[in-house]
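In: what's the 3D shape of this:
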Amino acid sequence: MVSTRSEPEKQASSSNTKKQKKKTYLMLLVFLATSITAMVVTFSIYYVSNKKVAFNVPDVDTAANSCEQEVKDNFGKELLHKSYDHGSSRYEENRRRYVIWYRLTIRRIDSEGIAVVEDKMAKCEVWEFLGYVSSFEVYDL
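Out: Residues are numbered from 1 along each chain as shown. Got it, this is the predicted structure:
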């Protein structure tokens, strides 16, 4: 079969094909760059930042881990001792939340520079479908 196209038409067609390939490669490159950027941003938000990310809490132990971190963050080096209160901590089925209690021993320096040891109770509320501590309260004993 003989081609009915002239030589300039073949060159123009070839040139159009090359331009289409360049556009396709450029679009693919932009798509890959956008995808990689989105993955990096997602990673930094989820793993690196201090933002709380929601997750489903399956049991009271997982909820207690979230509360324990909250206790450490609030008291830091002042915290001498903490103990999980098994008897008071519970899951409230009707409200779909965990109520976690910790007994704390805190050492702080008063206004006169004297070290004071205090006993406290910390109460955390962790909603089942949020996963992080939604309420944190400390009570003096």
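In: For this protein, just list every one of the helices.
Out: 7-43, 60-75 (DSSP state H).
In: Point out the most buried one among the ones you listed.
Out: Of those, the one with the most neighbours on average (mean count of other CB atoms under 10 Å) is helix 60-75, at a mean of 17. Any C-beta I mention is one placed from the backbone N, CA and C, and that applies to glycine too.
In: Tell me which other helices or strands that helix touches.
Out: Applying 3 or more CB pairs under 8 Å, 6 or more residues apart in numbering; DSSP states H and E, one finds that helix 60-75 contacts strand 79-84, strand 97-109, strand 115-127, strand 133-140.
In: Run the angle between it and strand 115-127 for me.
Out: Per axes from the mean of the first three to the mean of the last three CA atoms, to 10 degrees, the angle that helix 60-75 makes with strand 115-127 is 140 degrees.
In: Contacts for helix 60-75 next, please.
Out: Here helix 60-75 makes contact (CB atoms under 8 Å, 6 or more residues apart in numbering) with 57, 79, 82, 84, 89-91, 98, 100, 102, 104, 106, 122, 124, 126, 131-133, 136, 138.
In: What's the mean pLDDT across that helix?
Out: Across helix 60-75, the average pLDDT comes to 86.
In: Output the below-cut-off pLDDT ranges for the protein.
Out: Scanning the chain for pLDDT under 70 picks out 1-14, 42-58.
In: Would you mind finding the most buried of the helices and strands packed on helix 60-75?
Out: Highest mean neighbour count among the helices and strands packed on helix 60-75 (mean count of other CB under 10 Å): strand 97-109, with a mean of 18.
In: How is this protein divided into domains?
Out: 1-51, 60-140 (automatic domain parsing).
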